[in-house]
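[1] I'll drop the sequence and a predicted model, then ask my questions.
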Amino acid sequence: MVEIRMHGRGGQGAVVACKILASALFKEGKFAQSFPAFGVERRGAPVQAFTRVDDKPIHLRTEIYEPDLLVVLDPTLLYTIDVTSGLKEGNKILINSPKPARDFEISQKYDVKTVDASRIAVANQLGSVSNPIVNTAILGAFSKFTGVIGIRAILAAIRESVPVHPDENARAAQQAFDEFVN
Amino acid sequence: MGLVLNEKMKKYFDPETISEIKVIEGTHSASYAVELARVKVISAFPITPQTSIVEKLSEMCDRGELDAQFIKVESEHSAMAAVIGSEATGARSFTATSSQGLALMHEVLHWAAGARLPIVMANVNRALGPPWNIWADQTDSLAQRETGWIQFYCESNQEVLDTILMAYKLGEKVMLPVMVNMDAFFLSHTSEPVAIPKQELVDQFLPPYNPELKLDTDHPHAFGGLAMPNQYMELRYNIQKSMEEADRLIPEISREYARLMGRDHGAQIEEYRTDGADYLLFTSGTIAGTTRLVIDEYREKGIKIGMVKIRTFRPFPSRELREATRRCKKVGVIDRNISFGQSGIFFSETKAALYNSDHHPLMNGYIAGLGGRDVTPTNIREIADHLINSKEGQDLIWIGVKNESKTN
């Protein structure tokens, strides 16, 4: 089983990203489960969402305390909450940021990569400069960085489950995938 | 277009019985079941975390995918009153609620059962306030124990869909309403693969609802008359007899469903690795899923422990639980609910069921996960270890309470 935890802020789409990821994983023939940290959704508040993936049905019904992979949609969260809690040393963290990974102190302990998902989102008309909707762009980079999921399944799941601007969202994911360097 | 599944998935899903597999939340799993059951009337009032069940249904009605009347109301009490009216006309009806909403319905829940109307309701188990809390807790539905509703508790989104279909079949056979419960968030807002059965198989399983007596202007009848002391008691006797009939029918209906759809969730209870078990953990809802993993872990180590998942609360599976505990030494019941001044509710019901049994295992009652607190494998290991080491039974053991006073 692989456990993925995503940290974002209300409105960035972490919950939806985890759902898309679960749908995409199922398309690849794996069992997946996704759910939000059970908070009351408020715009701008720290949000967590989770996805589990396994080769067999998933019976575990708890939040993810020891993730294998971490995604951070807003880098300011790194300074306000303990996002790496429970993450094993050397494990992968994907951060939405224009800065290189070495600018983040945690890159000394973990395998950190960054992607400028905010810029890619805005370039694809997803949200505004002050409030970009970064969840689909980050999934493109996630696919290339982790290899847990293929980009084709991500694109298909986006087209199926995103009700507004499915094409723009799919393009953002593809662009992030193409730009991301492992 | 036929459903294409890889070999691995074919172990778990039978493409012959399925139209589609959707990765959906528990709430939407309930909505799709209602669509498949060809429900004619839906009435509901929004309340978190139930709302997405009826949001989805209202979309289906709006798009014409579901040929049903959606009645908007100003409260849960009215929602239940509306489906009491519609069900009395012979229209298959549905509503959904949660927590405070269910509590507000309480008065009319008695009416639905007493009037012998087989309404099906999805309840998302959510804590009662104050303090305000929208997370998982079963006390809302368990507090409706005496209303005459059949009650089911589900562990997965698939079980929610399948149980709602079986609930209509069962309720319409015994003429009693049925409540299908799912844990807030742990099911209601968790997305996972759910097999949507083929409509023709559902139609074969669940024929149209056609009650013997209904409100019909062409064939007038009087309903809801006064029952004098020389009549009332027999009507109560009849409800109890129908509950007993439901107890007899649940295994039969589960088998028929399993034969048609290839999925079996057990009947009143499901036993998991109970063969030769010295210790049994009893639980219900999503805690059962996590408990399975701990049972596997302990069995690996050679510890003879198993789980009994309780699926029905009314009728209470006394006979099945006596049978399941016949050879075990100790039973621990995990309750995500509490009856203040007593103990966990499944615990006290189970203890009562075993009193007239010839075998009396040691029994412990554990309270865990109230108000949506996570019940982790660590919590369940703590419970299992405590049970295994217990020298005498204890009715009330709190798991994971901070600053528990040791003196009280």
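    Received, thanks. Being a predicted model, the structure only gives us computed values, none of them experimental.
[2] how close does the residue nearest to B:I239 when sequence neighbours are not counted get to chain A?
    What sits nearest to B:I239 in space, not counting adjacent residues and going by Cβ to Cβ, 6 or more residues apart in numbering or on different chains, is B:G148, at 5.4 Å. C-betas here are computed from N, CA, C, even on glycine. Counting by Cβ to the nearest Cβ, to the nearest Å, the gap from B:G148 to chain A is 30 Å.
[3] Run a quick neighbour tally on B:G148.
    Using other Cβ atoms under 10 Å in any protein chain shown, B:G148 has 22 neighbouring residues.
[4] and residue 108, how many neighbours?
    As the question left the chain open, I've gone with chain A. By the measure other Cβ under 10 Å, the count of residues near A:Q108 is 9.
[5] not what I meant, chain B
    20.
[6] so who does the residue nearest to B:I239 touch?
    B:109-110, B:112-114, B:176-177, B:239, B:243 (Cβ atoms under 8 Å, 6 or more residues apart in numbering or on different chains).
[7] ok, of these, which come out buried?
    Buried by 16 or more other Cβ atoms under 10 Å in any protein chain shown: B:109, B:112-114, B:176-177, B:239, B:243, out of these.
[8] Now do the longest helix seen in chain B: distance to the chain's middle.
    Counting residues, the longest helix in chain B under DSSP state H turns out to be helix B:229-261. Offset of helix B:229-261 from its chain centre (Cα atoms, centre = their mean, to the nearest Å): 16 Å.
[9] and the helix or strand just after it, anywhere near chain A?
    Counting by DSSP states H and E, the next helix or strand C-terminal to helix B:229-261 is strand B:269-272. No: figure legend: strand B:269-272 not in contact with chain A (Cβ under 8 Å from any Cβ of the partner chain); closest approach 10.0 Å.
[10] Mind listing residues that contact strand B:269-272?
    With contacts defined as Cβ under 8 Å, 6+ apart, strand B:269-272 is touched by B:288, B:291-292, B:295, B:306-312, B:317, B:320-321, B:324.
[11] same thing but at 6 Å, please
    Contacting residues not belonging to strand B:269-272 are listed as B:292, B:307-310, B:317, B:320, B:324 [Cβ atoms under 6 Å, 6 or more residues apart in numbering or on different chains].
[12] neighbour-wise, which of those residues leads?
    When neighbours are counted by other Cβ under 10 Å, B:V308 leads the contacts of strand B:269-272 with 28 neighbours.
[13] thinking again about what came up before, just curious, which of the contacts of strand B:269-272 is nearest to B:K169?
    Closest approach to B:K169 among those (Cβ to Cβ): B:P317, at 18.5 Å.
[14] Identify the residue nearest the closest one in space, chain neighbours excluded?
    That would be B:Q268: by Cβ to Cβ, 6+ apart, it lies 3.5 Å from B:P317.
[15] for that neighbour, what are its contacts?
    B:250, B:311-312, B:317, B:320.
[16] Also B:I150?
    Here B:I150 is in contact with B:176, B:178, B:246, B:314 (criterion: Cβ under 6 Å, 6+ apart).
[17] count of neighbours near B:K391?
    By other Cβ under 10 Å, neighbour count at B:K391 equals 6.
[18] and the gap between it and B:V333?
    Distance of B:K391 to B:V333, given as Cβ to Cβ, to the nearest Å: 18 Å.
[19] As a check, name the ranges of all strands in chain A.
    Residue ranges of the strands in chain A, as given by DSSP state E, are A:2-9, A:31-36, A:46-54, A:69-72, A:92-96, A:111-115.
[20] quick one: contacts for the most centrally placed residue in chain A?
    Taking Cα atoms, centre = their mean, the centroid of chain A lies closest to A:V71, which sits 4.8 Å from it. A:V71 makes contact with A:6, A:94, according to Cβ under 6 Å, 6+ apart.
[21] So, low pLDDT: which residues of the chain?
    Since no chain was named, I'll use chain A. By pLDDT under 70, the weakly predicted segments of chain A are A:38-41.
[22] meant chain B, my bad for not saying
    In chain B (pLDDT under 70), the answer is B:1-2, B:404-408.
[23] Can you pull the residues of chain A lying near chain B?
    Residues of chain A lying near chain B by Cβ under 6 Å from any Cβ of the partner chain: A:19, A:22-23, A:26, A:29, A:33-35, A:38, A:59-63.
[24] need the residues of the stretch 301-408 of chain B near chain A, please.
    Listed as neighbours of chain A in the stretch 301-408 of chain B under the rule Cβ under 6 Å from any Cβ: B:372, B:374, B:376.
[25] Now secondary structure and neighbour count too, for the residues you listed, in a markdown table please.
    Listed next are those as a markdown table, based on DSSP: H, G, I helix; E, B strand; the rest coil; neighbours: other Cβ atoms under 10 Å in any protein chain shown:
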| residue | secondary structure | neighbour count |
| --- | --- | --- |
| B:G372 | helix | 21 |
| B:D374 | coil | 18 |
| B:T376 | coil | 19 |
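[26] so can I have TSV of these showing distance to B:E349?
    Compiled in TSV, those are given as follows (distance: Cβ to Cβ, whole Å):
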residue	distance to B:E349
B:G372	23
B:D374	25
B:T376	25
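[27] Excluding sequence neighbours, find me the nearest residue to A:D167.
    Using Cβ to Cβ, 6+ apart and skipping residues adjacent in sequence, the residue nearest A:D167 is A:R159, 7.7 Å away.
[28] Give me the number of neighbouring residues for that neighbour.
    12.
[29] Same check on B:T17?
    A count of nearby residues for B:T17, using other Cβ under 10 Å, gives 17.
[30] cool, and A:D68?
    18.
[31] now it: how far from B:H386?
    Distance, A:D68 to B:H386, by Cβ to Cβ: 31 Å.
[32] and the gap between the closest residue to B:L3 other than its chain neighbours and chain A?
    Leaving aside its sequence neighbours, B:L3 sits nearest to B:P15 (Cβ to Cβ, 6+ apart; 4.6 Å). Using Cβ to the nearest Cβ, B:P15 is found at 13 Å from chain A.
[33] just B:Y153 next, same as before
    13 Å.
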